[in-house]
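Student: Predicted model follows, preceded by the sequence.
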Amino acid sequence: GESVGLHLPTLSVQEGDNSIINCAYSNSASDYFIWYKQESGKGPQFIIDIRSNMDKRQGQRVTVLLNKTVKHLSLQIAATQPGDSAVYFCAENRYFNKFYFGSGTKLNVKP
Amino acid sequence: DGGITQSPKYLFRKEGQNVTLSCEQNLNHDAMYWYRQDPGQGLRLIYYSQIVNDFQKGDIAEGYSVSREKKESFPLTVTSAQKNPTAFYLCASSMAGGGETQYFGPGTRLLVL
């Protein structure tokens, strides 16, 4: 989920398990969403995106699900690996090219 | 090797000093953006530019200035008017138009001496 403040929500998973990271967005008119991965001290890295005319999109080991009814987005990572440990956050395109970014969820993968 | 570069990686600012953060991209993107990231918070938009010689204020523009003289470059100046400049600064770029993916640089961490 999302959080404001210094402490991000943390999801701890065992290596090889599937991970699900959630994001709630606020603007029903938002039509484009992106998931980013950010490792400590680095810039965000694009993972996968989805437009509002879709419910699901799959990439390599990742799937994004969009539920417009409840304004909810989720990122599923299959067979989670130690290299997946990072902060994941969603971005919501609210207006033209202006995005609103969530504060993120920290994924901790235990070997 | 296409991408976005930011320099320096770390920058130290003294009281009353202006400092400039560099952002360069070779992706041929028309739009460029500057964001500020504070611990545990989402990215906040400082300035953005959709085309050369044009830019607009974002949500937290006070104490910052930018220029866009070349398509490839979008430098950000943190002025002495910005009283709390310590943060991680991220530059991004995208194709022109709405709903385009933004790609980020590696960031610059600004610290106050």
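Tutor: Received, thanks. Numbers count the residues shown, from 1 in each chain, chains lettered A, B, ... in the order given.
Student: what sits against the residue nearest to B:D38 when sequence neighbours are not counted?
Tutor: Leaving aside its chain neighbours, B:D38 sits nearest to B:A87 (5.3 Å; criterion: C-beta to C-beta, 6 or more residues apart in numbering or on different chains). For every residue, glycine as well, the C-beta is placed using N, CA and C. Counting by C-beta atoms under 8 Å, 6 or more residues apart in numbering or on different chains, B:A87 touches B:R36, B:Q37, B:D38, B:R109, B:L110.
Student: Which ones among those lie within strands?
Tutor: In this view, the contacts of B:A87 that belong to strands under DSSP state E are B:R36, B:Q37, B:R109, B:L110.
Student: right, and the last one touches B:R13 too?
Tutor: When you say that, I think you mean B:L110. Yes: counting by C-beta atoms under 8 Å, B:L110 touches B:R13, with 6.2 Å between them.
Student: Mutual contacts of the two, please.
Tutor: B:V19, B:V78, B:P85.
Student: I'd like to know which of those are part of helices.
Tutor: The members of the shared contacts of B:L110 and B:R13 all map outside helices under DSSP state H.
Student: would TSV of the residues you listed with distance to A:I34 and pLDDT be doable?
Tutor: What follows is the shared contacts of B:L110 and B:R13, written out as TSV (distance: C-beta to C-beta, whole Å; pLDDT from 0 to 100):
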residue	distance to A:I34	pLDDT
B:V19	30	96
B:V78	27	97
B:P85	27	94
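Student: can I get those in CSV with neighbour count and distance to A:S12?
Tutor: Formatted as CSV, these follow (neighbours: other C-beta atoms under 10 Å in any protein chain shown; distance: C-beta to C-beta, whole Å):
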residue, neighbour count, distance to A:S12
B:V19, 19, 39
B:V78, 24, 37
B:P85, 20, 34
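Student: between B:L110 and B:R13, who's got more neighbours?
Tutor: Between B:L110 and B:R13, counting by other C-beta atoms under 10 Å in any protein chain shown, B:L110 is the more crowded of the two (21 against 17).
Student: If the more buried one is in a bridge, with which residues?
Tutor: B:L11, B:A87 (DSSP bridges).
Student: what about it, distance to B:S80?
Tutor: Distance, B:L110 to B:S80, using C-beta to C-beta, to the nearest Å: 13 Å.
Student: swap in A:H72?
Tutor: 43 Å.
Student: Repeat that for B:T20.
Tutor: Here B:T20 is placed at a distance of 13 Å from B:S80 (C-beta to C-beta).
Student: Let me know the pLDDT of residue 107.
Tutor: I'll assume chain A. For A:L107, the model assigns a pLDDT of 97.
Student: The chain in question should be chain B.
Tutor: pLDDT, B:G107: 97.
Student: picking that back up, which one among the ones in strands among the contacts of B:A87 gets closest to A:F46?
Tutor: Minimum distance to A:F46 across the ones in strands among the contacts of B:A87 is 16.2 Å, recorded for B:Q37 (C-beta to C-beta).
Student: Spatially nearest residue to the closest one (excluding sequence neighbours)?
Tutor: B:F88 is the one closest to B:Q37 (C-beta to C-beta, 6+ apart), at 4.4 Å.
Student: so what's the one you found up against?
Tutor: Taking C-beta under 8 Å, 6+ apart, we find B:F88 in contact with B:R36, B:Q37, B:D38, B:G107, B:T108, B:R109, B:L110.
Student: Now the two most distant members of these.
Tutor: Longest span within the contacts of B:F88, C-beta to C-beta: B:D38 and B:T108, 14.1 Å.
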